[in-house]
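>>> Quick one, structure for this:
(one chain, ligands or ions: 2)
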Amino acid sequence: MEPSKTTLGLELPTDPRWVNIAEKNIEDILVDHAYCEQKAASSCISLIIMFPEREKLLEVLTPVVAEEWAHFELVIEHLKKRGYTLGKARKDEYVSRLNGIMKKGGTRDEQLVERLLMNALIEARSAERFKLLWKNLEDEELQRFYYDLMVSEAGHYHNFIDLAKEYLPKEKVEERWKYFLVEEAKIMQTLVPRADRMH
Ligand SMILES: [Fe+2]
Ligand SMILES: [Fe+2]
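Ligands and ions are numbered 1, 2, ... in the order given. Prediction:
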């Protein structure tokens with residue numbers, strides 16, 4: 001049977017319990033979210049540092065760095081406004097498990113595409129989570145905020161997928177992307193929804 005599809009091709013929708021517990025722990029969610037934005041900016045910077053000769057990548061990802069950093073600033077503002085502080089980073093089990101999906105070795109282009117697809121995957125899942133927050137939070141300001149972020153991260157998902165297709169044939173990228181989606185769904189199935197994590 002065809003698995004039910006959620007936004008951006010994800011195989012498995014988020015456990016519906018997550019948004020209810022997230023709503024009650026908005027401080028933890030905002031803190032974790034701030035770190036997600038920081039990591040998104042840093043991941044784009046790393047790609048630019050590792051692949052400086054790829055002109056298209058430089059052209060597409062330079063503005064994405066600025067957007068992710070602006071998201072980070074906005075989350076910090078929302079924390080501050082509510083009397084919370086950033087505090088220390090937490091262990092990101094979702095991302096550390098996702099890293100195991102990437103193929104080791106291969107050509108430079110293959111390595112680049114693995115990284116681009118990993119970023120696309122995190123963007124897709126983040127957009128899906130932001131959609132839930134937009135639709136379910138009671139705080140109207142945060143609702144608007146998560147709507148805007150959902151749109152922005154969905155755009156980044158397309159940026160990463162399109163970039164991957166610049167460096168490897170379309171069919172090869174699609175085959176790897178399918179594998180990423182299946183593996184991500186397996187990881188999602190084993191992660192217990194946590195009140196203090198964005199993923
Ligand atoms: Fe972002
Ligand atoms: Fe993003």
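>>> Could you use CA atoms for every contact and neighbour count after this?
Will do.
>>> Now find how far off-centre the helix or strand bottoming out on mean pLDDT in the chain is within its chain.
Lowest on mean pLDDT, DSSP states H and E among the helices and strands of the chain sits helix 17-23, with a mean of 84. Centroid separation between helix 17-23 and its chain, computed with Cα atoms, centre = their mean, to the nearest Å, is 18 Å.
>>> Check which helices and strands the helix or strand following it sits against.
The helix or strand immediately downstream of helix 17-23 is helix 26-50, counting by DSSP states H and E. If you count contacts as 3 or more Cα pairs under 8 Å, 6 or more residues apart in numbering; DSSP states H and E, helix 26-50 packs onto helix 55-81.
>>> show me the contacts for the residue of the chain found nearest ligand 1.
At 4.4 Å from ligand 1, residue 68 is the closest residue in the chain, using Cα to the ion. Taking Cα atoms under 8 Å, 6 or more residues apart in numbering as the criterion, residue 68 is in contact with 37, 38, 40, 41.
>>> swap the cut-off to 6 Å and go again
37, 41 (Cα atoms under 6 Å, 6 or more residues apart in numbering).
>>> just residue 65 next, same as before
Applying Cα under 6 Å, 6+ apart, the residues near residue 65 are 41, 44.
>>> how about residue 52, phi and psi?
Note on residue 52: backbone dihedrals following degrees, to the nearest 10 are phi -70, psi -20.
>>> quick one: low-confidence ranges for this structure?
Along the chain, the parts satisfying pLDDT under 70 run over 1-7, 195.
>>> Would you mind listing what in it touches ligand 1?
Selection of the chain residues close to ligand 1 by Cα under 5 Å from the ion yields 37, 68.
>>> Let's see that with 6 Å instead.
Contact residues (Cα under 6 Å from the ion) of the chain with ligand 1: 37, 68, 71, 153.
>>> Give me the nearest residue to the third one, chain neighbours excluded.
Nearest residue to residue 71 in three dimensions, chain neighbours excluded: residue 37, at 6.3 Å (Cα to Cα, 6 or more residues apart in numbering).
>>> neighbours around that neighbour, how many?
Residue 37 has 21 neighbours, counted by other Cα atoms under 10 Å.
>>> Kindly report the same for residue 136.
Other residues within reach of residue 136, judged by other Cα under 10 Å, total 15.
>>> For residue 175, see how far away it is.
According to Cα to Cα, to the nearest Å, residue 136 stands 34 Å off from residue 175.
>>> quick revisit: counting neighbours, show which residues of the least confident helix or strand of the chain come out buried.
Buried residues in helix 17-23, counting neighbours by 16 or more other Cα atoms under 10 Å, are found at 18, 19, 22, 23.
>>> try stretch 129-145
Under the neighbour-count criterion of 16+ other Cα under 10 Å, stretch 129-145 has 129, 130, 131, 132, 133, 134, 137, 142, 143, 145 buried.
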